[in-house]
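>>> Predicted structure and sequence below. I'll ask about it afterward.
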2 protein chains.
Amino acid sequence: MATSRAVSVKDVAGRARVSVGTVSNVLNRPEKVAPATVARVQHAISELGFIRNDAARQLRAGKSRALGLIVLDVRNPFFSSLALGAEDRAREAGYSIILGNSDEKVERESAYLDLFEEQRMAGVLISPFGDVDDRLVRLRERGTPAVLVDRSTASAGFSSVAVDDVAGGVLAGRHLLDTGRRRIAFVGGPIDIRQVHDRLTGLQEAASSVPDAEIEVLLGDSLSIIEGRRLGDELAARPVAQRPDAIFAANDLMAIGVLQALVMLGSIRVPDDIALVGYDDIEFASGAVVPLTSVRQPAGLIGSTAVEILLDEALNDATPGRSVVFQPELVVRASTTA
Amino acid sequence: MATSRAVSVKDVAGRARVSVGTVSNVLNRPEKVAPATVARVQHAISELGFIRNDAARQLRAGKSRALGLIVLDVRNPFFSSLALGAEDRAREAGYSIILGNSDEKVERESAYLDLFEEQRMAGVLISPFGDVDDRLVRLRERGTPAVLVDRSTASAGFSSVAVDDVAGGVLAGRHLLDTGRRRIAFVGGPIDIRQVHDRLTGLQEAASSVPDAEIEVLLGDSLSIIEGRRLGDELAARPVAQRPDAIFAANDLMAIGVLQALVMLGSIRVPDDIALVGYDDIEFASGAVVPLTSVRQPAGLIGSTAVEILLDEALNDATPGRSVVFQPELVVRASTTA
DNA sequence: CGCTTTCGATGAAACGATTTAATGCGTGAC
DNA sequence: GTCACGCATTAAATCGTTTCATCGAAAGCG
């Protein structure tokens, strides 16, 4: 490597004939420095092509200027939108977002928490999969606040931003029941994912007021298109009499998978034979084979609100434990109405 | 804050009655330390809950253990998959990925490059939007190699991993022509995005051998569903005689938008009235209103290969300028065949 | 003309880990 | 009994920035 040794504040100071302290001041509070000196230093900076070393800065500061975000699945458009909302809000405040993908796996989730801990993140946003309360408490003790996204029950006094998933489940269930469906299958992922659990609870709640309503629960390994298709295939393979007349999928990814299994492979008509409701209202829901009725969540807003709260706790020592809950909204499309 | 001051190697050393150097050795090369000492130190570490400060480590090392990845749009499943492939490969090597979203904007792209430069990234992967060659050259001079993803022409001697987009365009074009289409509209985004340019070039190349083939070019502001829908609406609003009989969209997002405009709003039949080909073959393509014929790219493989090359350059000083080009593959579905 | 402010700039001391050259110590060879 | 050697450990230097106490000079005031 012909790379010459990196240029530091020391070099800049030498070139501009000032002390390193002054260079630092020019960088961080130029108003405290005489205009002529500022100009001289800045000239030296650009002449030498000086770039501030963030590691040194962080070491001194004891804290990073980044926020960690751990989501269940980056490939889910709901989470990409959430991440985008978070990123935009963070950037306004001069922070950046480090995105981690737990992929619904505890080891990966835990590995990212380790990483964020080593990096002394200014704060952590997490859509938890495993039981991370202890980890988050430890982080908080070390001065890194955490905010739970997409989880309404504020465990261990953490702030949270979420959508009322039980209400969402009720919305979906009631809609299906209102349109005359009685045998509803819930197609979900791991039940220990809180979202899955709550949406199912909402569905059951809606069904409890309708005497002849039956609910069947099918759980896959993950909330993905593939798993949706697998469970859809299972349903399609049944004799007609044993099929449900409606399906509520835990998210749109699964719903799209189910749709593929029913309509494209199983030649079952949606909604005529089976009605279908998804969750999240991702952009692709309206463009599906049969446009999907879905429970909409304001993904970007969740992300930006969570960052807002997190920064408030990180910068202003705001008390944690705040809990923002958005209300979901049912978007009716062809998959449930003729 | 009741937060007690952070525990450092010094505290661990004190507790284990060894020097800080030994603690560092236990952390980084335990085999150099007597087993009994290792045990004692590790015991102290867990007793005190010591977490290594990455900033200090990096400062000393002069280099981060992270790779930066800048993509045009995280919400595009193609890029999420690419990012996932990159992340997996990086993790195997003990590196992490910092994901940046340029959103097809030069300022944001540039801001991420600044950030990565300040962080002394071990390497940078970028799917470039603006003209970033100068920036990348500067990074390289400072010891941070860069690999271009999704861009085949290796500018300024950088390595690159991409798919032959011209070939992809030819594939799409030839398929449409083979199925009897003659008036083909290309629906794309900013033509200065290389992918858009090359895919169009491929289409034109395919058309050049068919005398009565006509190509019309419609360019939107971004490669998104929304823009696709807007351009689709434009086409749908035309009198029938002035409509094309086929559309090649620059990516699946646009194709899905076009599809929504044609089928759901414009009641134009696909493929009967107009055939449609997309690009990327994202997971949602097969589940679209009309399952989409698309040109498939191995997104995850592109990501992992790029990381592989990048790490090779970063760690082993491998010579840059390597260029890996994957061949695209046409996946035919209902949007082009009855 | 002295005395106090004010302003700008300085220099040294952190921050927390890694790395090096040096040290102590016991062992085996002669 | 001395010397050399290998091994485990240590002490000190280092990375590049920020911060804080300090200092000098110029300016304001009576």
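Everything's here; your move. Numbering: from 1, shown residues only, chains lettered A, B, ... in the order given.
>>> Quick check: chain neighbours aside, which residue is closest to A:V71?
Using C-beta to C-beta, 6 or more residues apart in numbering or on different chains and skipping residues adjacent in sequence, the residue nearest A:V71 is A:F79, 4.2 Å away. All C-beta spots, glycine's among them, are computed from the backbone N, C-alpha and C.
>>> So what's the residue count around the one you found?
Neighbourhood size, A:F79 [other C-beta atoms under 10 Å in any protein chain shown]: 27.
>>> contacting residues around it?
Shown in contact with A:F79 (C-beta atoms under 8 Å, 6 or more residues apart in numbering or on different chains): A:71-73, A:127, A:299.
>>> so how far is A:L67 from the one residue in the stretch 101-250 of chain A that gets nearest to DNA strand D?
Residue nearest to DNA strand D within the stretch 101-250 of chain A (C-beta to the nearest atom of the strand): A:R120, separated by 13.6 Å. According to C-beta to C-beta, to the nearest Å, A:R120 stands 12 Å off from A:L67.
>>> higher neighbour count, the two?
Taking other C-beta under 10 Å, A:R120 and A:L67 do not tie; A:L67 has more neighbours (29 against 23).
>>> so what's the more buried one closest to, chain neighbours aside?
Closest residue to A:L67 in three dimensions, ignoring its sequence neighbours and counting by C-beta to C-beta, 6+ apart: A:G123, at 4.9 Å.
>>> which residues touch the residue in chain A sticking out farthest from the centre?
The outermost residue of chain A, judged against the average C-alpha position, is A:R17 (49.2 Å), by C-alpha atoms, centre = their mean. Shown in contact with A:R17 (C-beta under 8 Å, 6+ apart): A:R40.
>>> Repeat that for A:S224.
Residues near A:S224 by C-beta under 8 Å, 6+ apart: A:73, A:189, A:253-254, A:257.
>>> Same list, the residues you listed, but as JSON lines with distance to B:D272, neighbour count and secondary structure please.
Shown next, in JSON lines, are those (distance: C-beta to C-beta, whole Å; neighbours: other C-beta atoms under 10 Å in any protein chain shown; DSSP: H, G, I helix; E, B strand; the rest coil):
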{"residue": "A:D73", "distance to B:D272": "37", "neighbour count": "23", "secondary structure": "coil"}
{"residue": "A:G189", "distance to B:D272": "38", "neighbour count": "25", "secondary structure": "coil"}
{"residue": "A:L253", "distance to B:D272": "30", "neighbour count": "31", "secondary structure": "helix"}
{"residue": "A:M254", "distance to B:D272": "31", "neighbour count": "32", "secondary structure": "helix"}
{"residue": "A:G257", "distance to B:D272": "28", "neighbour count": "26", "secondary structure": "helix"}
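>>> near DNA strand C, which residues of chain A?
Applying C-beta under 7 Å from any atom of the strand, we find that chain A lies next to DNA strand C at A:17-22, A:25, A:32-34, A:36-37, A:56, A:59-60, A:62.
>>> Please repeat the previous calculation with a cut-off of 6 Å.
Counting by C-beta under 6 Å from any atom of the strand, chain A comes close to DNA strand C at A:18-22, A:32-34, A:37, A:59-60, A:62.
>>> For these, work out which two are farthest apart.
Distance extremes for the residues of chain A next to DNA strand C: the farthest pair is A:A34 and A:G62 at 30.1 Å, using C-beta to C-beta.
>>> Neighbour count: these two, which is higher?
Set A:A34 next to A:G62 and count neighbours by other C-beta under 10 Å: A:G62 wins out with 12 against 9.
>>> where does the stretch 1-150 of chain A dip in pLDDT?
Judged against pLDDT under 70, the low-scoring parts of the stretch 1-150 of chain A cover residues A:1-4.
>>> how about the helices in it?
Ranges of helices in the stretch 1-150 of chain A, per DSSP state H, counting those that start in this stretch, are A:9-16, A:20-28, A:35-48, A:54-61, A:77-92, A:106-118, A:133-141.
>>> Check the spacing between A:Q58 and A:K10 real quick.
On the measure of C-beta to C-beta, A:Q58 and A:K10 end up 19 Å apart.
>>> Would you mind telling me which of those two has more residues around it?
Remark: of A:Q58 and A:K10, A:Q58 carries more neighbours, 23 against 11, as counted by other C-beta under 10 Å.
>>> so who does the closest residue to that one other than its chain neighbours touch?
Nearest residue to A:Q58, sequence neighbours excluded (C-beta to C-beta, 6+ apart): B:A55, at 3.9 Å. Counting by C-beta under 8 Å, 6+ apart, B:A55 makes contact with A:55-56, A:58-59, A:64, A:119-120.
>>> can you do 10 Å?
By C-beta atoms under 10 Å, 6 or more residues apart in numbering or on different chains, the residues touching B:A55 are A:54-64, A:118-120, B:64.
>>> Kindly report the same for A:A306.
The neighbourhood of A:A306, defined by C-beta under 10 Å, 6+ apart, consists of A:67, A:69, A:82, A:85-86, A:89-90, A:123, A:125-127, A:147-150, A:159-162, A:324.
>>> ok so it is a strand residue?
No: counting by DSSP: H, G, I helix; E, B strand; the rest coil, A:A306 is located in no strand; its state is helix.
>>> from the stretch 201-338 of chain A, which residue is nearest to DNA strand D?
Proximity of the stretch 201-338 of chain A to DNA strand D (C-beta to the nearest atom of the strand) peaks at A:L315, 13.7 Å away.
>>> Could you give the number of residues near that residue?
Applying other C-beta under 10 Å, we find 13 residues neighbouring A:L315.
>>> Now do the contacts for A:G94.
A:G94 neighbours (C-beta under 10 Å, 6+ apart): A:65, A:311.
>>> Just want to check the distance between it and A:G180.
According to C-beta to C-beta, A:G94 and A:G180 sit 54 Å apart.
>>> got it, and A:R174?
With distances taken as C-beta to C-beta, A:R174 is found 12 Å from A:G180.
>>> Looking at these two, which one has more neighbours?
Under the criterion of other C-beta under 10 Å, the comparison of A:R174 against A:G180 puts A:R174 first, with 18 against 9.
>>> Count the residues that sit near the closest residue to A:V307 other than its chain neighbours.
Leaving out its chain neighbours, the residue that sits closest to A:V307 by C-beta to C-beta, 6+ apart is A:R89, at 4.2 Å. Residues contacting A:R89 under the criterion other C-beta under 10 Å number 22.
>>> From B:E107, how far off is A:R89?
For A:R89, the distance to B:E107 - C-beta to C-beta - is 17 Å.
>>> Restricted to buried residues, select the contacts of A:A306 in ChimeraX.
In ChimeraX, this line selects whichever of the contacts of A:A306 come out buried by 16 or more other C-beta atoms under 10 Å in any protein chain shown:
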select /A:67,69,82,85,86,89,90,123,125,126,127,147,148,149,150,159,160,161,162,324
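>>> quick one, strands of chain A?
Ranges of strands in chain A, per DSSP state E, are A:66-71, A:96-101, A:123-126, A:146-149, A:159-163, A:183-188, A:214-219, A:246-249, A:275-280, A:293-296, A:323-326, A:329-331.
>>> tell me the contacts of the residue of the stretch 201-338 of chain A found nearest DNA strand C?
At 17.5 Å from DNA strand C, A:A314 is the closest residue in the stretch 201-338 of chain A, using C-beta to the nearest atom of the strand. By C-beta under 10 Å, 6+ apart, A:A314 lies in contact with A:63, A:67, A:93, A:95, A:121-124, A:143-147.
>>> Kindly report the same for A:S294.
By C-beta under 10 Å, 6+ apart, A:S294 lies in contact with A:168, A:172, A:249, A:251-252, A:255, A:276-282, A:285-286, A:288, A:328-333, A:335-336.
>>> From those residues, keep the buried residues only.
Neighbour-count burial (16+ other C-beta under 10 Å) applied to these gives A:168, A:172, A:249, A:251-252, A:255, A:276-282, A:285-286, A:288, A:328, A:330-331, A:333, A:335-336.
>>> What count of nearby residues applies to the closest residue to A:I45 other than its chain neighbours?
Spatially, and ignoring its direct neighbours in sequence, A:I45 is nearest to A:V12 (5.6 Å; C-beta to C-beta, 6+ apart). Using other C-beta under 10 Å, A:V12 has 25 other residues around it.
>>> No more questions from me, cheers.
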